[in-house]
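Enquirer: Pasting a predicted model and its sequence here:
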Amino acid sequence: MRKKIVAGNWKMNLKLEEGMQLSSEIVEFVKNNHLETLAGKPGVVMFTPFVHLTSVADFTAGIKGVEVGAQNCYTEEKGAFTGEVSAEMIESTGATHVLVGHSERRSFFGETDEVLAKKTEIALKHALTPVFCCGEVLDERNAEKHFEVVKKQLHKGLFWLSEEEFSKVVIAYEPVWAIGTGVTASPAQAQEMHAFIRQIIREKYNDKTADDTTILYGGSCNAKNAAELFANEDVDGGLIGGASLKAEDFCTIIKSF
Ligand code: 13P
């Protein structure tokens, strides 16, 4: 059975002490509600800025149901790439996940499908779970090209992986028009795209791989709308931006399953 996940993408927010405070409130919540031992409850992943990773990973080490991830990694193993952070370094902090291809990386930092395929490869090599982001911009949706766009992103970024490699990947569908805008995809729009993604995984790989792939929704998902989004058969959780920065909101979202 596929895993459910509620993940927080902190983006470029929170000083270290604020991040530690947020982590400790989330860990308390998971422990107090015994989420780590309850069947059907989601795992929690916190995608922190690089500078928080070691501290948050140390703090959460050994706590079941809470994991830590980076928001990006570089395409190369090591060397003269000033300012970049490698998958191996991320792994060495105790982090277990990495975001690949967030729309902000694609648009502000020019990350292409080819670059993202390399990042996926190096993340898997270092035993990190890539959470591969895909999603269309508003013009593409208005032109009814959203299925085509997402299919192309997945083909170029992921579908060259072997079945075994692909089984280690999580997908996040984040329509760009819903990110940080307060405009959420409707439950029907989210379900429709998630079912489409699962169908193309089925066609490329097989039934088992498709049924076992975790597909998260992201884009203005919050404490109020999470339950109706997560109620859909093919929505396996969320990748939460703004609402992951307040423990109370994020914990309400975790409880939405
Ligand atoms: P918001 O939840 O702030 O819309 O951000 C979503 C996102 O980009 C998560 O990666």
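Expert: Noted; the coordinates are in hand.
Enquirer: For G157, give me phi and psi.
Expert: phi -80, psi -30 (degrees, to the nearest 10).
Enquirer: If you could redo that for M12, that was the one I meant.
Expert: The phi/psi pair for M12 (degrees, to the nearest 10) is phi -100, psi 70.
Enquirer: which residues touch the residue lying closest to it once chain neighbours are set aside?
Expert: Computed as Cβ to Cβ, 6 or more residues apart in numbering, the closest residue to M12 that is not its neighbour in sequence is P49, at 6.4 Å. C-beta coordinates here come from the backbone N, C-alpha and C atoms, glycine included. Counting by Cβ atoms under 8 Å, 6 or more residues apart in numbering, P49 makes contact with 10, 12-14, 19, 71.
Enquirer: From those, which land in strands?
Expert: Assignment to strands by DSSP state E places none of the contacts of P49 there.
Enquirer: So which of those belong to helices?
Expert: G19 (DSSP state H).
Enquirer: Tell me the residues of the chain that contact the ligand?
Expert: Proximity of the chain to the ligand, by Cβ under 6 Å from any ligand atom, involves residues 9, 102, 174, 179-180, 218-221, 239-243.
Enquirer: Quick check: of those, which lies closest to the ligand?
Expert: G241 (2.2 Å; Cβ to the nearest ligand atom).
Enquirer: give me the low-pLDDT residue ranges for this protein?
Expert: Within the chain, no range satisfies pLDDT under 70.
Enquirer: Let me know the secondary structure of the spatially most central residue of it.
Expert: Centroid-nearest residue in the chain: V131, 4.4 Å away (criterion: Cα atoms, centre = their mean). Three-state call for V131 (DSSP: H, G, I helix; E, B strand; the rest coil): strand.
Enquirer: I figured it hits E174, correct?
Expert: No. In this structure, V131 is not within contact of E174 by Cβ atoms under 8 Å, at 10.3 Å.
Enquirer: who touches both of the two?
Expert: L239.
Enquirer: what about the closest residue to I179 other than its chain neighbours, how many residues close to it?
Expert: Counting by Cβ to Cβ, 6+ apart, G219 is the residue found nearest to I179 once chain neighbours are left out, at 4.9 Å. G219 has 26 neighbours, counted by other Cβ atoms under 10 Å.
Enquirer: correct me, but G219 touches S186?
Expert: No. Using Cβ under 8 Å, G219 is not in contact with S186, being 11.2 Å away.
Enquirer: Could you tell me which residues within stretch 218-232 count as buried?
Expert: 218-223, 225-226, 229-230, 232 (16 or more other Cβ atoms under 10 Å).
Enquirer: V56 and L124, how far apart?
Expert: 22 Å (Cβ to Cβ, to the nearest Å).
Enquirer: out of those two, which sits in the busier spot?
Expert: V56 (28 against 19).
Enquirer: Relative to the ligand, how far out is the residue nearest to M12?
Expert: Remark: distance between P49 and the ligand (Cβ to the nearest ligand atom, to the nearest Å) = 13 Å.
Enquirer: quick one: buried residues of the helix or strand where A190 lies?
Expert: Assessed by DSSP states H and E, A190 sits inside helix 187-204. Buried positions in helix 187-204, judged by neighbour count with 16+ other Cβ under 10 Å: 187, 189-194, 196-198, 200-201, 204.
Enquirer: can you tell me how far the closest residue to A117 other than its chain neighbours sits from N225?
Expert: Excluding its sequence neighbours, the residue lying closest to A117 (Cβ to Cβ, 6+ apart) is G157, at 5.4 Å. Separation of G157 from N225 (Cβ to Cβ) stands at 27 Å.
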